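1. give me the fold of what follows.
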Amino acid sequence: MPDSLTVEKTALDIEIRHWRRACTDLADLEVSASAAAWKELEAYLDLSLRSSLTAVTGRLIAHADRALFSLRAAETPAEVAAVGAELLMLRRRYTRAEAVIDFYGDAVNTRTNPLTASILRGLDTLAVHSMDVALRPLNIDTPPVLCYLDKGLGASILRAGARLWDASLSPAAAIKITRHNLWQPTSLVHETGHQVAHLTGWTTELADALFATLAPHSRVLAEVWRSWASEVAGDVYAFALLGYAPVPALATVVDGPTSQVFRMLPGDPHPVSALRIQLNAALCRSWFGPGPWDDLAARWLTRHPVSRAPQDVAGILTGSLALLPLIVDVCTRTPMHAFHGVPLSTLADPRRVAPAELRRLAERAGPSLYTSSHLQRLEPMRILSLTVLRGLDHRTPSTEMRTWLSRLGGERSAAA
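-> Below you'll find the predicted structure:
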């Protein structure tokens, strides 16, 4: 009969080989997403994702090989036990890597349908352009973007360079687009605003600037707005590039029962929903003057009166409403080191997306607005804003956004 050490080594050999096979299978990326879906990615994005995910599985396979080598060399109970511990580490690393592969596989797989794929490619293009506006003048490289379709109310981003479940770095900015807002995808630019804020260091600087501006009026308000800086940055960036267009879509997402609209949770980076709408309206009012944003803001105050908010939240709302003009100036007109000493409005001038300017763009472009490759390259943000605002006036679903995004994605793919 073999001794107990030999029995344990045999058992470990079987288990390690099992996990090595699993790691090898994980490396077949066309199991996690169909070959057709992978082909719908732009070449640069496909290369970036594949090389990153292949490196993830390659490190796992190398780990399994090291464990097998250590097992063959093990001669004492302590050495065999060390291999057993290494096996458990391999298993933990596998489950984390599997989460990474599944996340990107599921995201890529939303492109299985050719029409959806072309629309998502169009959104990839818009996302990259929205970051180029701020990053290119600052000589910061714009990361690749992978947009994907998913359920839920709100969009989200897994930032490029973020630490993933297996401790590797995200190779692309993965942006979730919700189905219900696919034809008014302004949240895309809120999410790319997070990426821009991260790459430039704007969030920290904005937080400090909000605190310094508000502290003389109220230290409580200063602390609260500092804690909201990351989400404020996303909203302000979307406003600077798209004007009023994101506000109705945002109102649809954050609305709910009055108790929910006034909910303020510890550690939540999002401003209270009722106040977030007022901030966005104040941005429009400050840069564009009176307009439909005033009606939306008034409607929200009627629908959700401050008198129905909890006492502490009501105090924050009342105090903040009076200070919104200051907050708008800090966010859009104050020079920032993150932007090489200029305000955000220098990089992305909101006046270019004022309603009157959008109307002039539509008049000048005429029928070529959605067909001109030249306009698609130069004015994608303004076309996006205009199309979303036009869609608000349609009593029946508009096909303009669908057609334009599909053409934008299709033409970019053909060019690549």
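
2. so what's Phe242 up against?
-> No Phe there; residue 242 is Leu. Going by CB atoms under 8 Å, 6 or more residues apart in numbering, Leu242 touches Thr186, Val189, Val353, Met381, Leu384, Ser385, Val388. Quick note: C-beta positions are derived from backbone N, CA and C, even for glycine.

3. helix or strand for the residue nearest to it when sequence neighbours are not counted, which one?
-> Excluding the flanking residues, the one nearest Leu242 by CB to CB, 6 or more residues apart in numbering is Ser385, at 4.3 Å. Assessed by DSSP states H and E, Ser385 sits inside helix 380-392.

4. how far does that helix sit from the chain's center?
-> Distance, stretch centre to chain centre, for helix 380-392: 20 Å (CA atoms, centre = their mean, to the nearest Å).

5. got it, and stretch 163-183?
-> 6 Å.

6. what's the answer for stretch 227-235, then?
-> Centroid separation for stretch 227-235 versus its chain: 13 Å, with CA atoms, centre = their mean.

7. what's the average pLDDT for that stretch?
-> Mean per-residue pLDDT for stretch 227-235: 98.

8. please begin residue numbering at 5 from this point
-> Done: numbering now begins at 5, and the last item shifts to stretch 231-239.

9. now it - C-alpha only, CSV.
-> Backbone C-alpha positions of stretch 231-239 (Å, rounded to 0.1, in the frame of the first residue of the first chain) are rendered in CSV as follows:
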residue,chain,number,x,y,z
SER,A,231,-18.8,64.3,-0.2
TRP,A,232,-20.9,64.6,-3.4
ALA,A,233,-18.1,65.9,-5.6
SER,A,234,-17.6,62.8,-7.7
GLU,A,235,-21.2,62.7,-8.8
VAL,A,236,-21.5,66.4,-9.2
ALA,A,237,-18.5,66.2,-11.5
GLY,A,238,-20.3,63.7,-13.7
ASP,A,239,-23.4,65.8,-13.9
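
10. ok, residues contacting it?
-> Residues from elsewhere that reach stretch 231-239, judged by CB under 8 Å, 6+ apart: 194-195, 197-198, 201, 206-208, 210-211, 214, 229, 250, 254, 273-275, 280, 283-284, 287, 331, 335.

11. list only those of these flagged as buried.
-> Using 16 or more other CB atoms under 10 Å as the burial test, the contacts of stretch 231-239 include 194-195, 197-198, 201, 206-207, 210-211, 214, 229, 250, 254, 274-275, 280, 283-284, 287, 331, 335 as buried.

12. hey, where'd the strands end up in the chain?
-> For the chain, strands defined by DSSP state E occupy the ranges 149-154, 160-162, 177-182.

13. check contacts around the residue lying closest to Val357 once chain neighbours are set aside.
-> Leaving aside its sequence neighbours, Val357 sits nearest to Gly247 (CB to CB, 6+ apart; 3.4 Å). Applying CB under 8 Å, 6+ apart to Gly247 gives the contacts Cys288, Trp291, Phe292, Pro354, Val357, Ala358, Pro359, Leu362, Ser389.

14. model confidence score at the closest residue to the third one other than its chain neighbours, please.
-> Spelled out, it's Phe292. Of all residues not flanking Phe292 in the chain, Ala358 sits nearest, at 4.9 Å (CB to CB, 6+ apart). Looking at Ala358, its pLDDT reads 98.

15. residues contacting Ala358?
-> Counting by CB under 8 Å, 6+ apart, Ala358 touches Gly247, Trp291, Phe292.

16. which of the residues you listed fall in helices?
-> Residues of those located in helices (DSSP state H): Trp291, Phe292.

17. where does the stretch 305-420 of the chain dip in pLDDT?
-> 399-401, 415-420 (pLDDT under 70).

18. relative to Leu150, how far out is the residue nearest the centre of the chain?
-> Per CA atoms, centre = their mean, the C-alpha nearest to the average position across the chain is that of Ile161, at 2.5 Å. Separation of Ile161 from Leu150 (CB to CB, to the nearest Å): 10 Å.

19. any shared contact partners between the two?
-> Here Ile161 and Leu150 share the contacting residues Ala177, Ala178, Ile179, scored by CB under 8 Å, 6+ apart.

20. need those residues in TSV (columns: pLDDT).
-> Below are the shared contacts of Ile161 and Leu150 laid out as TSV (pLDDT from 0 to 100):
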residue	pLDDT
Ala177	96
Ala178	96
Ile179	97
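
21. out of the residues you listed, who's the most crowded?
-> Ile179 (28 neighbours; other CB atoms under 10 Å).

22. I figured that one hits His194, correct?
-> No: with contact defined as CB atoms under 8 Å, Ile179 does not reach His194; the gap is 9.8 Å.

23. against Asn185, how distant is Arg307?
-> Separation of Arg307 from Asn185 (CB to CB): 21 Å.

24. comparing these two, which shows the higher neighbour count?
-> A direct count of neighbours by other CB under 10 Å for Arg307 and Asn185 places Asn185 higher, at 19 against 11.

25. so that one touches Ala159, yeah?
-> Yes: with contacts counted by CB under 8 Å, Asn185 reaches Ala159, the gap being 7.3 Å.

26. overlap of the contact sets of the two?
-> Listed as contacting both Asn185 and Ala159 by CB under 8 Å, 6+ apart are Ser191.
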